[in-house]
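[1] Test case, fold it:
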Amino acid sequence: MSETPIVLSTVTGRYTHAAFGLRWLYANLGPLKEKTIIREFHLQQPPLEIAERLLAEKPRILGLGVYIWNVNLITQVAQTIKGVQPDISLVLGGPEISFEYENTPLFDTADYIVCGEGETAFAQLAEAILENRSPAQKVIQADRLDVAQLQLPYDAYTDLDITRRLVYVEASRGCPFRCEFCLSSLDPHVRDFPLEPFLDALKTLIERGVRNILFVDRTFNLKTERADAILRFFLEHWREGLRVHFEIVPGRLNETLLRRMAEFPPEGLHLEVGVQTFTPEVLENISRRQDNLKTIETIHFLREHTGVLLHADLVAGLPGESWESFGASFDQLLALRPHEIQVGILKRLKGAPIARHIPGFHMVFSPQAPYDILQTDHLNFTQMQRIKRFARYFDLYYNSGNFPTSLPILWHSRPSAFEAGMAFTDYLWNTTGRTHEFPLAQLARHLYDFLIQSPAADPAAIAETIKSDFHHIPGRKDKLSFLKNC
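    Here you go, the predicted model:
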């Protein structure tokens, strides 16, 4: 195999996730594009296998994207490659290496680190290395870019990407909000990509057969007129099977956009709704501006009057959040019936302002990626562990959609859905000792066994409800052996 001057690579969370950042770098390499290839891997692949495949390309420059989910694996890959072939110029970029990189194994291993938006900085660095005029400084601080001057990356999606993977797109960069747990709070300058060429690129993707489009914009609905133009574009170019994902701030979703979203086919739009918490003092602690009443009204409208799929987020472990207040936020959100509720655990992203609260709220984070919160002065370690298990089991039972009518039996007769779910969580953990590798029939059995323990339970009715849920998706042939005549 001949030498490849530049190899761009990273490790994604799943095979279906295309590496958007690599495509941005590739699209803006100018003449160096012809000397560059992209190689993607996923978390299930061993580090030695990844290193072997990258070394087989014989790169002179290897650029690796580093993120919170892959930093441990990338560290092993980088150390292996530099140990085997130290003359490769190893360039690292991405959010996990752009902040607090000193005294890390990756910093010691890398030849160069590009911090921030790397499209222009990486191209200049690669050109200098290939021309044998490598810069002396190891850390390159990239400037905030004029996005109108960037070459769009969408031609870099292959036909395989189009048919089998999520296709990421970006209509704007930056976020005007200052939520302290998020790195986007560091870039309050929202920069819009010119709309006409962006929509032309989307049109080409749709014509090529794309079916899953995910916008990475932090606040899609920041500007009503622009968001409406994008929604109208999709309505005009809609094709059967298309699904589009946006992240929205529900309190800023006005009537124009709500009515527009109601025009889409059922399940055509997938909205990620950032709630995080309904607790006013916690919102103030993290500098998050949120109109709770407007947020509730918006989620209610979307759920009752549109075919939008709603994915709502809560975060456990925020400064000042107690067991009781988190449970109250969960109950309030569940009552709105979003299709999914992501119970996230607060993470200390490198560079995020949330670190300022560590002393005041006695926050303890894991030193290992993904840097989960372990305890605060309001939530002790045992409580946080229980919430983590709750989040996992809730995903298996609620977010999966496998138990739409039987799971609510848990909380219909109880004052708090959170406490009811936590009781079931403790039961599952004490019974099984695990949070993964549950066959669907086994999940059904555990739910049945727990529900019939209630003094007011009707085992026959519960059995019929679980059986109905189990078979509501056509084609399931498994038998629920614990239920008679199933």
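
[2] on contacts alone, who are the packing partners of the strand or helix carrying Ile140?
    Assessed by DSSP states H and E, Ile140 sits inside strand 139-141. If you count contacts as 3 or more C-beta pairs under 8 Å, 6 or more residues apart in numbering; DSSP states H and E, strand 139-141 packs onto strand 112-115. Where C-beta positions appear, they are placed from N, C-alpha and C, glycine not excepted.

[3] hmm, who's touching the strand it packs on?
    89-93, 97-99, 101, 107, 121-122, 125, 135, 138-142 (C-beta atoms under 8 Å, 6 or more residues apart in numbering).

[4] ok, of those residues, which come out buried?
    89-93, 97-98, 101, 121-122, 125, 140, 142 (16 or more other C-beta atoms under 10 Å).

[5] Name the nearest of those residues relative to Phe470.
    Lowest distance from Phe470 to the buried ones among the contacts of strand 112-115 (C-beta to C-beta) belongs to Ile97, with 45.9 Å.

[6] how many neighbours does the residue nearest to that closest one when sequence neighbours are not counted have?
    Spatial nearest neighbour of Ile97, chain neighbours left out: Val66 (4.3 Å); criterion: C-beta to C-beta, 6 or more residues apart in numbering. Counted with other C-beta atoms under 10 Å, residues neighbouring Val66 total 25.

[7] So Val66 sits against Val91, correct?
    No: when contacts are counted by C-beta atoms under 8 Å, Val66 is not listed as touching Val91 (10.7 Å).

[8] Tell me the pLDDT of the closest residue to Arg289 other than its chain neighbours.
    Distances taken as C-beta to C-beta, 6+ apart place Phe177 nearest to Arg289, at 6.3 Å, with adjacent residues excluded. As predicted, Phe177 sits at a pLDDT of 88.

[9] And what about Phe177, helix, strand or coil?
    Per DSSP: H, G, I helix; E, B strand; the rest coil, the local secondary structure of Phe177 is coil.

[10] repeat for Leu257
    helix.

[11] who touches it in this structure?
    Leu257 neighbours (C-beta under 8 Å, 6+ apart): 221, 224, 227-228, 231.

[12] Just the buried residues of the residues you listed.
    Counted by 16+ other C-beta under 10 Å, those give 221, 227-228, 231 as buried.

[13] want to throw the buried ones among the contacts of strand 112-115 into TSV with pLDDT and distance to Ser9?
    Compiled in TSV, those are given as follows (pLDDT from 0 to 100; distance: C-beta to C-beta, whole Å):
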residue	pLDDT	distance to Ser9
Ser89	97	14
Leu90	98	11
Val91	98	11
Leu92	98	11
Gly93	97	11
Ile97	95	14
Ser98	94	18
Tyr101	93	19
Ala121	97	18
Phe122	98	13
Leu125	98	16
Ile140	97	19
Ala142	94	19
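
[14] Find the pair from the residues you listed with maximum spatial separation.
    Ser89 and Ser98 (18.8 Å).

[15] circling back: what's near enough to touch the residue nearest to Ile97?
    So Val66 contacts 10, 74, 92-97, 106 (C-beta under 8 Å, 6+ apart).

[16] residue ranges of the helices in the stretch 201-350 of the chain, please?
    Taking DSSP state H, counting those that start in this stretch, the helices of the stretch 201-350 of the chain run over residues 224-236, 255-261, 280-285, 292-305, 323-334.

[17] so which of those helices is the most packed in?
    helix 323-334 (a mean of 20; mean count of other C-beta atoms under 10 Å).

[18] So, low pLDDT: which residues of this structure?
    Per-residue confidence for the chain (pLDDT under 70) gives these ranges: 1-2, 485-486.

[19] domain assignment for it?
    4-147, 157-379, 403-486 (automatic domain parsing).

[20] distance between the last one and the chain's centre?
    For domain 403-486, the gap between its own C-alpha mean and the chain's C-alpha mean amounts to 28 Å (C-alpha atoms, centre = their mean, to the nearest Å).

[21] Going by distance to Lys347, which of the buried ones among the contacts of Leu257 wins?
    Asn221 (25.0 Å).

[22] Surely that closest one touches Arg252?
    Yes: counting by C-beta under 8 Å, Asn221 touches Arg252, with 5.6 Å between them.

[23] if we can go back for a sec, now flag whichever of the contacts of Val66 is closest to Pro188.
    Checking the contacts of Val66 one by one against Pro188 (C-beta to C-beta), the nearest turns out to be Pro95, at 16.7 Å.

[24] how close does that closest one sit to Ala369?
    12 Å (C-beta to C-beta, to the nearest Å).

[25] Tell me which of these two has more neighbours.
    Taking neighbours as other C-beta under 10 Å, Pro95 and Ala369 compare with Pro95 leading, 20 against 17.

[26] Just give the nearest non-adjacent residue to that one, would you?
    Leu183 is the one closest to Pro95 (C-beta to C-beta, 6+ apart), at 5.8 Å.

[27] likewise Ala78?
    Thr109 (4.8 Å).

[28] picking up where we left off before, can I get the helices of the stretch 201-350 of the chain in TSV with distance to Ile341?
    Below are the helices of the stretch 201-350 of the chain laid out as TSV (distance: least, C-beta to C-beta, whole Å):
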stretch	distance to Ile341
helix 224-236	24
helix 255-261	20
helix 280-285	17
helix 292-305	11
helix 323-334	6
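
[29] how about stretch 453-466: buried residues?
    For stretch 453-466, a neighbour-count test (16+ other C-beta under 10 Å) marks 462-463, 465-466 as buried.

[30] likewise stretch 237-250?
    242-250.

[31] one step back: phi first, then psi, for the residue nearest to Ala78.
    phi -80, psi -30 (degrees, to the nearest 10).

[32] can you count the residues close to it?
    18.

[33] what's it in contact with, if anything?
    Applying C-beta under 8 Å, 6+ apart, the residues near Thr109 are 75, 78-79, 82, 90.

[34] Which helix in the chain has the most residues?
    helix 417-432 (DSSP state H).

[35] Downstream of that helix, the next helix or strand is which one?
    That would be, after helix 417-432 and using DSSP H and E, helix 440-451.

[36] That following helix packs against which elements?
    Helix 440-451 packs on helix 409-412, helix 417-432, helix 459-470, going by 3+ C-beta pairs under 8 Å, 6+ apart.

[37] Just want the angle from it to helix 417-432.
    Counting by axes from the mean of the first three to the mean of the last three C-alpha atoms, to 10 degrees, helix 440-451 points 110 degrees away from the direction of helix 417-432.

[38] Show me which positions of helix 440-451 end up buried.
    440-441, 443-448, 450-451.

[39] Now do that helix: everything it contacts.
    Outside helix 440-451, the residues touching it (C-beta under 8 Å, 6+ apart) are 396-397, 402-403, 406-407, 409-410, 424, 427-428, 431-432, 438, 457, 462-463, 466, 469-470, 476, 478-483.

[40] May I ask you to confirm that Ile61 belongs to a helix?
    No: in this structure, Ile61 is strand, not part of a helix, as judged by three-state DSSP.
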